[in-house]
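S.K.: compute the structure for the input listed below.
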Amino acid sequence: MGKQTIAEYLAKTLEATGIERIWGVTGDSLNGLAFSLDQIGSIRWMHTRHEESAAFAAGADAASTGQLAVCAGSCGPGNLHLINGLYDCHRNHQPVLAIAAHIPSTEIGLGYFQETHPQELFRECSHFVELVTSAEQFPRVLARAMRSAIEERGVAVIVLPGDVALLECPEEVESWTGSTPPAIVPAEGDLERLADLLNTSERITLLCGSGTAGAHDEIVALADTLGAPVVHALRGKQFVEWDNPYSVGMTGLIGFSSGYHAMESCDTLLMLGTDFPYRPFYPSSAKIVQIDWRGSQLGRRAPLALGLVGTVKDTITAVLPRLQRKDDRMFLDKARKHYMSARKELDELAVPSAPGRPIHPQYLTSLIDEAAGEDAIFTADVGTPTLWAARYLTMNGKRQLHGSFNHGSMANAMPQALGAQGANPGRQVISLSGDGGLSMLLGDLLTARQLDLPIKVVVFNNSLLGFVSMELKASGYLDTNVDLSKTDFAAIAKGAGIFSIRVERSEDLPQALKTAFAHAGPALVDVVTSKHELAMPPKIEFAHAKGFSLYMLRAILNGRGDEVVELARTNLR
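M.R.: Numbers count the residues shown, from 1 in each chain. Below is the predicted model:
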């Protein structure tokens, strides 16, 4: 028996790492890897219809398990299609290894068929990207790539020419030694500075992001000690919102007014594991303290009174004994009262529509929340599905919520549902898909059927790019070029061999969701929702009010006065 090839070494190393799936579209430059995977038999090739879907799926695979996930694309256009999904993985800090196959090594630089330069193309969306040119180089490149993805929490790319993949690999046993994520605690002096600042502050608000994963109990204990309301960024929702008597909702463009005001009225804002990007939502006069395990994140958005490098759970544990309990709860009570009022107003919008009227998306989302399993995994498309998910899905410590929350790409939800379902075959996975997002990568509905992944896709079908429409109106513009042709996605799904239901009346919705969620295989519920639903940001500025006034004036002058009437009919309830 001859020596093993680089492709065989790659496959066996991934097997030793515990990889069970590779997401991608095969091609001739991947033939060596495909053959090696077939020989070992323990890693399933998750054949998607588009490489962008493969990258999104790998990101959700990693996000739902916390483990390294892998995707692959053939040379040229094949791996180039990965790039948008890999940007999303990287900006969501998910450990993903991408195998970017390449043209024959002898042809690189000669303008060969399908030639690109992946090592340049992927540099901005990865911690590590390297072209493999020799067999002797490969074992160390593979190890470094995997370590980079796992330890730095992001994307690593190996550019592998098809002919190099077939070279004999040096004698080396395939192996992998994993490591436990480290606990990072600031120095003693910094902890004392943090304690002094918090002890002398009177009105403290906590802003929590994705870096608070695993630190729920510590954050609740900290909020109790400080009498501090807890505001979450979108990616912190699943980690801090549940069983938290100090929660006052979300801030940001799609947040709650209570979250915004709890930050604006504090004298100290303590940022925990978040790089919240929207600077207009930061308090105008408070001291800001930021704790993050990556020092490069500190102070990127606003000047800091104190910035500390540390993991959130371990830093809180270290500082808690140094803090004085604050018995004055006036600031907290006021913030909680505001939150309860804001929550009540939002819940009052989640009601059935009048007979003959399109379904309110708030009502649809609240019913999804009720019908979903206790440990359901949700994915949400960018735009209004993310908005409704943020406001109406309930987290409980077992559920997960994934989306393109940092990169902001359309078409993410259904491919991410595929990835989460592939990694969690026994759990319910529900995609909240916009009609615009779903149609962009619609072909990968076929992947759900082909791979027998029982995802549940709920389509918010308003025949509109809804969030773009709202942005245009808020700026005073007519919402042109945002309409989508009316489409029966249930009929498309049925034609693809997927169980589907179309819902046009509120009274039919509860049973439709129940039936689809109980279906053993993939299912799609196509729900015709209102296209004129408004969602005001928590910080209403004069420009927004002026913008809507200009929009209504322009609509009337351009013969679209019926839209203004419909807008009022939809939102006055």
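S.K.: pLDDT weak spots in the stretch 51-200 of the chain?
M.R.: Along the stretch 51-200 of the chain, no part satisfies pLDDT under 70.
S.K.: pull the residues that contact the helix or strand where Ser341 lies.
M.R.: Using DSSP states H and E, the element containing Ser341 is helix 330-347. Where contact means CB atoms under 8 Å, 6 or more residues apart in numbering, the residues beyond helix 330-347 that reach it are 202-205, 227-229, 245-249, 256-259, 261-262, 265-266, 362, 366, 391-392. Where you see a C-beta, it was placed from the backbone N, CA and C, and this is true even at glycine.
S.K.: and it, which residues are buried?
M.R.: For helix 330-347, the neighbour count (16 or more other CB atoms under 10 Å) marks 331-332, 334-336, 338-339, 342-343, 346 as buried.
S.K.: using PDB, write out the CA atom coordinates for that helix.
M.R.: Extracted in PDB, the C-alpha atoms of helix 330-347 (Å, rounded to 0.1, in the frame of the first residue of the first chain):
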ATOM      1  CA  MET A 330     -35.200  53.600  42.500                       C
ATOM      2  CA  PHE A 331     -33.300  53.600  39.200                       C
ATOM      3  CA  LEU A 332     -33.900  49.900  38.700                       C
ATOM      4  CA  ASP A 333     -37.600  50.100  39.600                       C
ATOM      5  CA  LYS A 334     -38.100  53.000  37.200                       C
ATOM      6  CA  ALA A 335     -36.400  51.100  34.400                       C
ATOM      7  CA  ARG A 336     -38.400  48.000  35.100                       C
ATOM      8  CA  LYS A 337     -41.600  49.900  35.100                       C
ATOM      9  CA  HIS A 338     -40.700  51.400  31.700                       C
ATOM     10  CA  TYR A 339     -40.000  48.000  30.400                       C
ATOM     11  CA  MET A 340     -43.300  46.500  31.500                       C
ATOM     12  CA  SER A 341     -45.100  49.400  29.800                       C
ATOM     13  CA  ALA A 342     -43.100  48.900  26.600                       C
ATOM     14  CA  ARG A 343     -43.600  45.100  26.700                       C
ATOM     15  CA  LYS A 344     -47.400  45.600  27.200                       C
ATOM     16  CA  GLU A 345     -47.600  47.900  24.200                       C
ATOM     17  CA  LEU A 346     -45.700  45.400  22.000                       C
ATOM     18  CA  ASP A 347     -47.900  42.500  23.100                       C
END
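S.K.: okay, and which of the contacts of helix 330-347 map to strands?
M.R.: If you go by DSSP state E, those have 204-205, 247-249 in strands.
S.K.: low-scoring stretches of this structure, by residue?
M.R.: Within the chain, the segments meeting pLDDT under 70 span 1-2, 465-482, 532-573.
S.K.: would you point out which residue is most central in it?
M.R.: Taking CA atoms, centre = their mean, the centroid of the chain lies closest to Gly403, which sits 2.6 Å from it.
S.K.: that residue reaches Leu387, doesn't it?
M.R.: No. Contact criterion CB atoms under 8 Å: Gly403 and Leu387 do not qualify, at 10.7 Å.
S.K.: buried stuff in stretch 416-434?
M.R.: Those buried within stretch 416-434 under the rule 16+ other CB under 10 Å are 416-424, 427-434.
S.K.: repeat for stretch 505-519
M.R.: Neighbour counts over stretch 505-519 (16+ other CB under 10 Å) mark 506, 509, 512-513, 516-517 as buried.
S.K.: tell me the one of those residues nearest Ala16?
M.R.: Phe517 (37.6 Å; CB to CB).
S.K.: for that closest one, what is the enclosing helix or strand?
M.R.: Using DSSP H and E, Phe517 falls within helix 509-518.
S.K.: now do the following helix or strand past that helix: distance to the chain's middle.
M.R.: Next along the chain after helix 509-518, taking DSSP H and E as the criterion, comes strand 523-528. Put simply, strand 523-528 sits 22 Å off its chain's centre (CA atoms, centre = their mean, to the nearest Å).
S.K.: what about Pro352, distance to Pro361?
M.R.: 12 Å (CB to CB, to the nearest Å).
S.K.: which one's more surrounded, the two?
M.R.: Pro361 (26 against 15; other CB atoms under 10 Å).
S.K.: name all residues that make contact with the more buried one.
M.R.: 384, 388, 460, 462, 529-530, 533.
S.K.: change it to 10 Å
M.R.: By CB atoms under 10 Å, 6 or more residues apart in numbering, the residues touching Pro361 are 349-350, 384-385, 387-388, 392, 432, 434, 460, 462, 466, 527, 529-531, 533, 535.
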